[in-house]
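1. Got a sequence here, can you build the structure:
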Amino acid sequence: MALTKTVSVDQITVEKNGIVTFREATSVLENDVELSKTYHRTPVYPGQDLTGKPDNVVAICNVAWTPEIIADFKATLEAK
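-> Alright, predicted model coming up:
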């Protein structure tokens, strides 16, 4: 009986305002048969430090976060 746990990013969404949300799926398997699966969503905000974030999320952020998107997001926060 071999139990294994895998965590993978299975969904990445870029919102109009530049916020990137990614979902991690955590699966517990016994002899390659899935026993359970849970999900966790994490938002990442334009201009945020990406240290420790999954590589595929960082790649999407680097494309989606133009200087204009970051400036607009910061201006929206300051206006609130």
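2. make it CA atoms for all contacts and neighbour counts henceforth
-> OK.
3. does E78 count as helix, strand or coil?
-> For E78, the secondary-structure state derived from DSSP: H, G, I helix; E, B strand; the rest coil is helix.
4. How much space separates it from G18?
-> Here the criterion is C-alpha to C-alpha, to the nearest Å. By it, E78 lies 16 Å from G18.
5. So the two - more neighbours on which side?
-> Neighbours of E78 and G18, each counted by other C-alpha atoms under 10 Å, are more numerous for G18; the result is 21 against 8.
6. dump the residue contacts of that one.
-> With contact set as C-alpha atoms under 8 Å, 6 or more residues apart in numbering, G18 has these partners: Y45, P46, A64, W65, I69, I70, F73.
7. pretty sure the fourth one contacts G47?
-> If I follow you right, that is W65. Yes: using C-alpha atoms under 8 Å, W65 is in contact with G47, at 7.4 Å.
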